[in-house]
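Asks: Sharing a model that was predicted from the sequence below.
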Amino acid sequence: MRILVATAVPVERDAVARAFTGPMREIPLPGVALNRTPGGYDLLAAGVGPALAAASTAAALTAAALEGAPYDLVVSAGIAGGFQPEAPLGSLVVADEITAADLGAETADGFLPVTELGFGTVTHRPPQSLVRAAVSATGARPGTVLTVSTVTGTAARAAALLERHPAALAEAMEGFGVAEAAAAHGVPVLELRAVSNPVGPRDRAAWRIGDALSALTTAFGKLTPALESWTPHDQ
Ligand SMILES: O=C(O)c1cccc(C(=O)CC[C@H]2O[C@@H](n3cnc4c(=O)[nH]cnc43)[C@H](O)[C@@H]2O)c1
């Protein structure tokens, strides 16, 4: 099983790396660098936001395919804002839906997703069996993880997002981009997030990034055996 784990920034990648023992090997590729674990996981700090995350993930997927050793699974991982009270700080969320929350058009009657404008897609659904395996291994809650290009900073915006996406547990900035790249290569995707801050009014003092990064390390320690025993044919 060849697995690519895409985080946004190096501190998230390093939090994932701490779940593995042994030395990492750096593999430079055009535009990106992979950190390969002794067990063969490739860790990628893919950048912040859906566009850069998609471009970096696509570069890694293309390089692997051209080498004749394509990935079997892509995991989008990192910290996230959690919708309260369902996703408290330090808790884990696994996406059963990865949804681009701000990909569309603002109209006088409200927001229209691109799908209602007649093109594109706004949601990717990871394989249900994989979500179940990840939930059971890590204790994460399953739910929608929104991808946004602008971090929510007001209670009104948080409420508007929840009204449109009642099953949303968390928001982050890369999952949909990573999922688009994976889908273009026909590779399944999973998104795992550790909650570092509440979604809502901006309050930097409320961030618990260290706790979220520790939760991410612990989660990957439990997740990897589950990923390795999962087969893409499971539903
Ligand atoms: O400046 C702020 O108010 C602010 C609040 C929360 C997060 C940020 C970031 O720049 C982090 C972006 C980074 O981390 C993920 N992330 C973490 N929390 C959130 C969130 O509440 N909403 C969206 N993304 C979040 C995200 O995936 C990025 O990689 C700044």
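Replies: It's in. Numbering: from 1, shown residues only.
Asks: Going by C-alpha atoms from here, please, whenever you check contacts or count neighbours.
Replies: Fine.
Asks: residues near Val195, how many?
Replies: Counted with other C-alpha atoms under 10 Å, the neighbours of Val195 add up to 32.
Asks: wait, is it part of a strand?
Replies: Yes: counting by DSSP: H, G, I helix; E, B strand; the rest coil, Val195 is found in a strand.
Asks: Make 836 the first number, not 1, from now on.
Replies: New numbering, starting at 836: the last item is Val1030.
Asks: Now do the residue in the chain sticking out farthest from the centre, the pLDDT please.
Replies: Within the chain, Ala943 marks the point farthest from the mean C-alpha position, 31.7 Å out by C-alpha atoms, centre = their mean. Per-residue confidence (pLDDT) for Ala943: 96.
Asks: same deal with Pro873?
Replies: On pLDDT, Pro873 comes in at 89.
Asks: can you give me the strands in the protein?
Replies: Counting by DSSP state E, the chain has strands at residues 838-842, 860-864, 867-871, 877-880, 908-917, 927-935, 939-942, 945-948, 958-959, 976-982, 1003-1007, 1024-1033.
Asks: where's Pro920 relative to Gly913, distance?
Replies: Counting by C-alpha to C-alpha, to the nearest Å, the gap from Pro920 to Gly913 is 20 Å.
Asks: who has more neighbours, these two?
Replies: Gly913 (29 against 9).
Asks: what sits against the more buried one?
Replies: Contact analysis of Gly913 by C-alpha atoms under 8 Å, 6 or more residues apart in numbering lists 842-843, 847-848, 1027-1029, 1048, 1051.
Asks: related to what we said a few turns ago, same list, the strands of the chain, but as JSON lines with distance to the ligand please.
Replies: Shown next, in JSON lines, are the strands of the chain (distance: least, C-alpha to the nearest ligand atom, whole Å):
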{"stretch": "strand 838-842", "distance to the ligand": "8"}
{"stretch": "strand 860-864", "distance to the ligand": "22"}
{"stretch": "strand 867-871", "distance to the ligand": "17"}
{"stretch": "strand 877-880", "distance to the ligand": "10"}
{"stretch": "strand 908-917", "distance to the ligand": "3"}
{"stretch": "strand 927-935", "distance to the ligand": "12"}
{"stretch": "strand 939-942", "distance to the ligand": "18"}
{"stretch": "strand 945-948", "distance to the ligand": "19"}
{"stretch": "strand 958-959", "distance to the ligand": "17"}
{"stretch": "strand 976-982", "distance to the ligand": "7"}
{"stretch": "strand 1003-1007", "distance to the ligand": "3"}
{"stretch": "strand 1024-1033", "distance to the ligand": "6"}
